[in-house]
Structures are given as structure tokens and as C-alpha cells.
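# Got a sequence here, can you model it:
(one chain, ligands or ions: 1)
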Amino acid sequence: MTIFAANWKMHHGPAGARELVRSVLARVRPREDRKLLFFPPAVSLAAVAEEVKGRHDAAAGAQNVYWEPKGAYTGEVSAALAAEAGATWALAGHSERRHKFGETDEETGKKVRAALAANLAPMLCVGEKLDERETGRTEGVVVRQLAAGLDGLDSGALGRVTIAYEPVWAIGTGVNATPRDAAAVHRTIRRWLSERSPAGTRHRILYGGSVSAANAESLLAEHELDGVLVGGASLDAESWIGIVSTPRPER
Ligand code: PEP
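Have a look, this model is predicted:
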């Protein structure tokens, strides 16, 4: 199964979101080995959820949730509210949340747990900054983020979590990790997860960071990648359809 996840960031209100999902799904036929995830802004969740209804190969997700179930938290959206709007997935710890909004490892962990409690499938984003890569700290940073996000979860809960490896220096820059470098970090992540799961569990690990229709094939040729999380290149139908149509080599 290959997962193609579209993170629209702060783009596409309800009307535009509806139109985009409709035109993509009209041209992309369902396939058992492919899942399409749409992460629109919160105000567009209900519209996207309506459009994916009846397509077992497509789902809507929240870009962010707050960890408290309800209360006086002006401007926040709980996991339960996102679920009520039709989300079945939720991102946690996207690098823009961590680095533009100062979200801590600990807060990200609370968001993963809140998503699980609301029956949303969490997608935990992890990844190192450029200076961390250049000073050989990639593995340490990623493992620290995994531990803060997931420590203490039982293997059943862990099995419901998807990881997106998104090096910060690759997000929105046009510079993607090489397939080889991405796969190496995926192996570190897989090892960490395997040590906490029953033997034989296949955890889903996606790569994100300047994925485009031009580089998706070489990235997805790496069997370590279970899919891609895409920002800029998921914002229009042509480019997104190009990416989700990427052929994968036989395993
Ligand atoms: C993202 O927003 O998760 C992302 C990977 O963005 P981009 O594809 O634009 O680098």
C-alpha cells in the first residue's frame, strides 16, 4: 500500500477544497494498493470529508489538533471536533507547528494521544534541521522526537500511528532528501518502532520534503518509503494527479 498525503497548509477554503478533491477523484480511479489523504485547513475539513465519502481509497485529515477534549481554548480545534467534521486522520508535530509556532516535543506527544483517543489515525512528523544534519545529529533528533511523541503507547496504539520523516531543510525549499538518505533515516525509524512492536509488524513511514511529480518516482523506488507527504505540489490537480500516479517497482 502506498499512501499519498496532501498537506494543503493555509490554502483552499471550503469551495476551492471541494472543487480540487472532486476533480482529483474524478480522474484517479480507486486502487487497493493506494490511499489518498487530504489535509485541508480546518475550515475546509467538512467539505473535503463530504467529497471523499464513498471512496474507500481516500480520507480527510486535520493538519493539527489541540490535546484538550473541550473547554476555553479560543482558536483551537480538539481531535473530537475534527473527527465530528469528518476527519479520520490528524497530523501531529508538522515542522511548521514545531518551528513557526514553537510546539514542543511534549505537546506533540499530547496531540498524538488526543488523536488516538478520538479515533483519528495520527501521522507524527519528525525531522532534523539543516545544522543538525550537518553536525551528524539527524538520528538523535529523530529518535528524540519519536520517543517524545510515542513513548508509553502500547503496540496496538503504535500500529495505528504513521510516521512522516520530513527533514526541515527539505520542506518548501525545492531541495529533497536523496532517496538513499531518506531510506537510511526510515530504517532508523523502523528499527525504533520494531523494537516496541510484535515481530513482523510493518509500520507505515512516509517521506516529505519538496516531493514533486519529477522526483516522486525515484523516491518511491525505495521500498523503505510507504508513501509521501506533500505540501506545495499537492495544491493543484495536475501536479497532485502526477504524483499519485507514480508507478512503483515490484517488491
Ligand atoms: C509539507 O508541508 O509537509 C511538505 C513536505 O511541504 P513541501 O512538499 O512543499 O516541501
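
# And the pLDDT at the residue in the stretch 101-250 of the chain that the ligand sits nearest to?
Here the stretch 101-250 of the chain gets closest to the ligand at one residue, G231, 2.3 Å apart by C-beta to the nearest ligand atom. C-betas here are computed from N, CA, C, even on glycine. What the model reports for G231 is a pLDDT of 98.

# any idea how far the residue of the chain positioned farthest from its centre is from A115?
Distance from the C-alpha centroid of the chain, by C-alpha atoms, centre = their mean, peaks at A72 (28.1 Å). For A72, the distance to A115 equals 21 Å [C-beta to C-beta, to the nearest Å].

# same question, L91
In terms of C-beta to C-beta, L91 sits 9 Å off from A115.

# Name the SS class of the residue farthest from the centre of the chain, please.
Under DSSP: H, G, I helix; E, B strand; the rest coil, A72 falls in the coil class.

# Residue numbers of the stretch 1-150 of the chain in contact with the ligand?
Contact residues, the stretch 1-150 of the chain versus the ligand (C-beta under 6 Å from any ligand atom): N7, K9.

# and the closest residue to V175 other than its chain neighbours, what does it touch?
Nearest residue to V175, sequence neighbours excluded (C-beta to C-beta, 6 or more residues apart in numbering): S210, at 5.9 Å. Applying C-beta atoms under 8 Å, 6 or more residues apart in numbering to S210 gives the contacts A170, I171, G172, T173, G174, V175, N176, G232.

# Among those residues, the buried ones, what's the PyMOL command?
Burial among the contacts of S210 is assessed by 16 or more other C-beta atoms under 10 Å; the matching PyMOL selection reads:
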select buried, resi 170+171+176+232
